[in-house]
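K.L.:
pasting the sequence and the predicted coordinates here, then a few questions.
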Amino acid sequence: MIDFDGLTLGPCMQAYGEEVLYEPTDGPSYHIKGIFDDTFVPTLPDDGTELTPSHITSYSAVLGVQLSQMHALPVKDDGLTVREQAFTVREARADGRGSMLLMLKFRDVDDDPLPPLIA
């Protein structure tokens, strides 16, 4: 069997990962490396018609994590800080290969229409 965690995920985290303070809802905080992406994605509002504009976008921050670095599986409402910005896990999606994609929301400012620029 191929050691996907050791041969692929570990080197990717070393090359592209950045420092993250992970704050689980149950247990103490700890540091991991994660691959952070803050991106705008197309959004199709459901207004009852099929004539939706294609120029509407929403902001979606995500963090790729290596499960072997985690003390427990990430779950909804865990907290984390990356690039001096605090986030909450909105959803955790496993990939079946030893990593997870964490869908994030801004902590305490989730209702703001324009997120702060993180570059």
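P.N.:
Cool, the structure landed.
K.L.:
can you pull out the strands in this protein?
P.N.:
Assigned by DSSP state E, the strands in the chain fall at 18-23, 30-42, 57-66, 79-82, 85-94, 99-106.
K.L.:
run me through the strand neighbours of the longest one, direction for each.
P.N.:
Partners of strand 30-42 in the sheet, by DSSP bridges, are strand 18-23 (antiparallel), strand 57-66 (antiparallel).
K.L.:
where among those strands is the average confidence lowest?
P.N.:
Least confidently modelled of those is strand 57-66, at a mean of 84 by mean pLDDT.
K.L.:
can you lay out the strands of the chain as CSV showing distance to Gly10 and mean neighbour count?
P.N.:
Where C-beta positions appear, they are placed from N, C-alpha and C, glycine not excepted. Shown next, in CSV, are the strands of the chain (distance: least, Cβ to Cβ, whole Å; neighbours: other Cβ atoms under 10 Å):
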stretch, distance to Gly10, mean neighbour count
strand 18-23, 15, 17
strand 30-42, 10, 15
strand 57-66, 7, 18
strand 79-82, 19, 19
strand 85-94, 17, 17
strand 99-106, 10, 20
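K.L.:
distance of Ile32 relative to Ile2?
P.N.:
As judged by Cβ to Cβ, to the nearest Å, Ile32 and Ile2 stand 23 Å apart.
K.L.:
Ile35 too?
P.N.:
21 Å.
K.L.:
which stretches of the protein have low pLDDT?
P.N.:
40-59, 109-119 (pLDDT under 70).
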